[in-house]
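Trainee: take a look and give me a structure for this.
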Amino acid sequence: MSHTTTVRSLVAGALGSAVTNLRRVTGGDLNDAYAARLTDRRVVFVKTSTNTVPGSYTAEAAGLRWIATAVGAPAVPEVLAVIDPPEPERERGPRMLALSWITPGRLTNTGAETLGQGLAALHQTGAPGYCEAPPGAPAGLRIGPLLLPAGTAPTWAEAYATLRLGPLARRAARSGALTPDALTAIERVCERLPELAGPTEPPARLHGDLWAGNVLANTNGVPYLIDPAAYGGHREMDLAMLRLFGGPNERCFSAYAEAFPLADGHQERVELWQLFPLLAHAVLFGRGYGKRAAAIACRYTS
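Mentor: This next block holds a predicted model:
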């Protein structure tokens, strides 16, 4: 049976309507993604993967639902079906996540402001604890094939050091994406986090993987959040990542600051929070990201 035939069968079984057309669409580096048109005239977004940690689609669905319950938060696609057995794929068949289809458009200036206001509302909704997962999500944080340890901590500085930077830095060093000197520099950042992390804030409800590619505007310019790796954390994390790979224009950040002003010194912490996605990219995609993370670590330890 071909892969597309399998996908058609999975979608039909999960959604109760046969697939009349299935075409590949952009879905990131780690998934096979499709637009599926059904006999009941719905169009749905479907993604499958053979290179993801069991529970990843369950966690993504839980994150989308968690964001959706935050009043005033940006819109998210509706979760239609999840097939995500805990066992390795070879034992239970392929995994699948089906979501409502969002026809892509362009993020307008008004949309950028809406995004900033919505992120402020999302973060203000809060979370039970630092690094705690959304209700219904499996333990640990999943980013593609990466699985970070489950747990929480009484402060964001401790959680960021022990559950985010430390595990990623050690894994990057083992793979050769981070040199021994760079690992030492990041370990020193972890030691200094209580003084670097800024004023104490309660846990915010985070998207968790908020680079520009995970903001999808529809044809009316309305922003949607997609592909979350949601958890409770420092709200500046989402904003720092949104600036990392060419994010929305400054109207987004101005609207956020007007709705939910940031603490003093937040500009100086942007790269500190960007260490996390850079180390994740170093593990996934190689040493170039490790060099960038090392340069940032040296800045905070010199």
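Trainee: where do the helices sit along this structure?
Mentor: 3-15, 56-68, 89-92, 109-125, 156-160, 166-175, 180-196, 236-242, 250-259, 266-285, 287-301 (DSSP state H).
Trainee: enumerate the positions of the fifth one that are buried.
Mentor: Buried residues in helix 156-160, counted by 16 or more other CB atoms under 10 Å: Trp156, Ala157, Glu158, Ala159, Tyr160. C-betas here are computed from N, CA, C, even on glycine.
Trainee: what's the average pLDDT for it?
Mentor: Taken as a whole, helix 156-160 carries a mean pLDDT of 98.
Trainee: tell me the helices and strands packed up against that helix.
Mentor: For helix 156-160, the elements it packs on are helix 180-196, strand 231-233, judged by 3 or more CB pairs under 8 Å, 6 or more residues apart in numbering; DSSP states H and E.
Trainee: enumerate every residue touching the residue positioned nearest the centre of the chain.
Mentor: By CA atoms, centre = their mean, the chain has its centre lying nearest to Asp209, at 2.3 Å. Residues near Asp209 by CB atoms under 8 Å, 6 or more residues apart in numbering: Ile143, Asp227, Pro228, Ala229, Met241, Pro277.
Trainee: from Leu146, how far off is it?
Mentor: 11 Å (CB to CB, to the nearest Å).
Trainee: try Val189
Mentor: Taken as CB to CB, the span from Val189 to Leu146 is 20 Å.
Trainee: distance of Val7 from Val82?
Mentor: 14 Å.
Trainee: who has more neighbours out of these two?
Mentor: Between Val7 and Val82, counted using other CB atoms under 10 Å, Val7 has the larger neighbour count: 21 against 17.
Trainee: quick one on the thing from earlier: so which of the helices of the chain is nearest Val25?
Mentor: helix 3-15 (12.4 Å; CB to CB).
Trainee: okay, the contacts of Asp209 in JSON lines with pLDDT, neighbour count and distance to Gly63 next?
Mentor: Shown next, in JSON lines, are the contacts of Asp209 (pLDDT from 0 to 100; neighbours: other CB atoms under 10 Å; distance: CB to CB, whole Å):
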{"residue": "Ile143", "pLDDT": "87", "neighbour count": "23", "distance to Gly63": "12"}
{"residue": "Asp227", "pLDDT": "94", "neighbour count": "25", "distance to Gly63": "9"}
{"residue": "Pro228", "pLDDT": "97", "neighbour count": "24", "distance to Gly63": "4"}
{"residue": "Ala229", "pLDDT": "96", "neighbour count": "23", "distance to Gly63": "7"}
{"residue": "Met241", "pLDDT": "97", "neighbour count": "24", "distance to Gly63": "15"}
{"residue": "Pro277", "pLDDT": "97", "neighbour count": "23", "distance to Gly63": "16"}
